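Visitor: Sequence plus predicted model, see below.
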Amino acid sequence: METFKYYKPRSIQDAFNIIQQEGGSIRFLAGGTDLLARLKSGHFAPDIVVDLKSLDELNGGIRIVGQNVHIGALTTFAKISTDPVILEHFPALADAASEVGSVQIRNRATIGGNICNASPAGDSLPPLFIYGAKIKCLKMDSSRLIPVESFLQGPGKTVLEKGELLVGLVLPLPATNQAASFTRLTRRRGADLATINLCCQVFRNGPTRFAVGAAAPVPFIVEDPSGLLSDPAGDPAQKKALVEELMQAASPITDVRASKEYRRAMVVTLALRALKQSINSLEGQAS
Ligand SMILES: Cc1cc2nc3c(=O)[nH]c(=O)nc-3n(C[C@H](O)[C@H](O)[C@H](O)COP(=O)(O)OP(=O)(O)OC[C@H]3O[C@@H](n4cnc5c(N)ncnc54)[C@H](O)[C@@H]3O)c2cc1C
């Protein structure tokens, strides 16, 4: 591991002052579950590491503000998986959070770190795509709100500029005529990323949307606007054919986790499984 200077600022202003004074390359430290591995392997060799944990602006937890829910960047997956607001309004995000790593990882890993790490297999990403999350970013002299689809640029790449922080997320409260579910395939739960992960959202008598991870450089969204998939009485063979067509959007690679052929097959299986779960939970809700 290369040497670096470590700072733990007490305020955002202190953080920006350090960044400006030090110059050089920076890495932010949230839970450290991705960062420490990359520092140790030499994959990252920053001049400074700025620890974010004492910054109140990122520690805001989970709050309803008008028609939106705000989630602080440092909110852990342990918190997200059990929070009553998330369980009620964003159950697919709660499910994804409860699937991340092990108890130990979920107690440290943050949602902000998961997004900034920009792994194609990040488990928070498919539900955040489906729920229309926006990312709040802050620099020394400006702030911006970016849709999650535009935030991710490729494996490990985001639109964050040097010294720019992800401070939190804004999710609109979802409509009542929809239900979403999350599912994933992994080799070893607790110790490995998803081979495929997927979120499906069904609108009553309306469209069905899928957000798929680990099957392209960044997660992607596809939609059936016809209502065929959301119809509980729809013909299963027709549904399967339509899902296969939609999943042509996948461009998986072969890596240590799976071959591209296996991923192509499993993305359809997972989509049909998540579709069934979403329809069941919509049917279970009072109309
Ligand atoms: C054993 C193990 C199992 C895992 N299992 C899963 C899994 O099942 N699913 C999954 O999705 N991930 C998994 N991970 C990966 C990791 O735990 C997650 O990606 C986690 O959410 C990262 O969050 P963190 O707070 O630890 O980020 P960190 O490691 O602190 O940071 C990650 C990256 O984001 C940057 N960063 C962090 N916060 C900010 C911010 N607010 N603003 C700007 N940049 C920031 C850092 O500089 C770094 O480049 C696993 C990791 C391990 C070690």
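Guide: Received the coordinates, thanks.

Visitor: Pull the distance from whatever helix or strand residue 241 lives in to the chain's centre.
Guide: In this assignment (DSSP states H and E), residue 241 forms part of helix 236-246. With C-alpha atoms, centre = their mean, to the nearest Å as the basis, helix 236-246 stands 26 Å off its chain's centre.

Visitor: Check which helices and strands it is in contact with.
Guide: Helix 236-246 is packed against strand 220-224, helix 260-284, with contacts defined by 3 or more C-beta pairs under 8 Å, 6 or more residues apart in numbering; DSSP states H and E. Where C-beta positions appear, they are placed from N, C-alpha and C, glycine not excepted.

Visitor: what's the first one in contact with?
Guide: When contacts are defined by C-beta atoms under 8 Å, 6 or more residues apart in numbering, strand 220-224 is touched by residues 129-130, 149, 207-212, 230, 242, 246-247, 249-250.

Visitor: Now a ChimeraX select for only the buried ones of these.
Guide: Per 16 or more other C-beta atoms under 10 Å, the buried members of the contacts of strand 220-224 correspond to this ChimeraX selection:
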select :129,130,149,207,208,209,210,211,212,230,242,246,247,250
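
Visitor: now, which of the contacts of strand 220-224 sits nearest residue 121?
Guide: Taking C-beta to C-beta as the measure, residue 121 sits nearest to residue 212 out of these, at 10.7 Å.

Visitor: Identify the residue nearest the residue in the stretch 51-200 of the chain that the ligand sits nearest to in space, chain neighbours excluded?
Guide: At 2.1 Å from the ligand, residue 113 is the closest residue in the stretch 51-200 of the chain, using C-beta to the nearest ligand atom. Spatial nearest neighbour of residue 113, excluding adjacent residues (C-beta to C-beta, 6 or more residues apart in numbering): residue 30 at 4.0 Å.

Visitor: Give me the distance between the closest residue in space to residue 228 that isn't next to it in sequence and residue 130.
Guide: Leaving aside its chain neighbours, residue 228 sits nearest to residue 234 (5.3 Å; criterion: C-beta to C-beta, 6+ apart). According to C-beta to C-beta, to the nearest Å, residue 234 stands 20 Å off from residue 130.

Visitor: all helices of the stretch 1-150 of the chain, in order?
Guide: Under the criterion DSSP state H, counting those that start in this stretch, the stretch 1-150 of the chain contains helices at 12-22, 35-41, 77-82, 84-89, 91-99, 103-108, 111-117, 125-130, 148-151.

Visitor: okay, those helices, which one's buried deepest?
Guide: Mean neighbours per residue, mean count of other C-beta atoms under 10 Å, is largest over the helices of the stretch 1-150 of the chain for helix 125-130, with a mean of 29.

Visitor: where does this structure dip in pLDDT?
Guide: In the predicted model, the chain carries pLDDT under 70 at residues 286-287.
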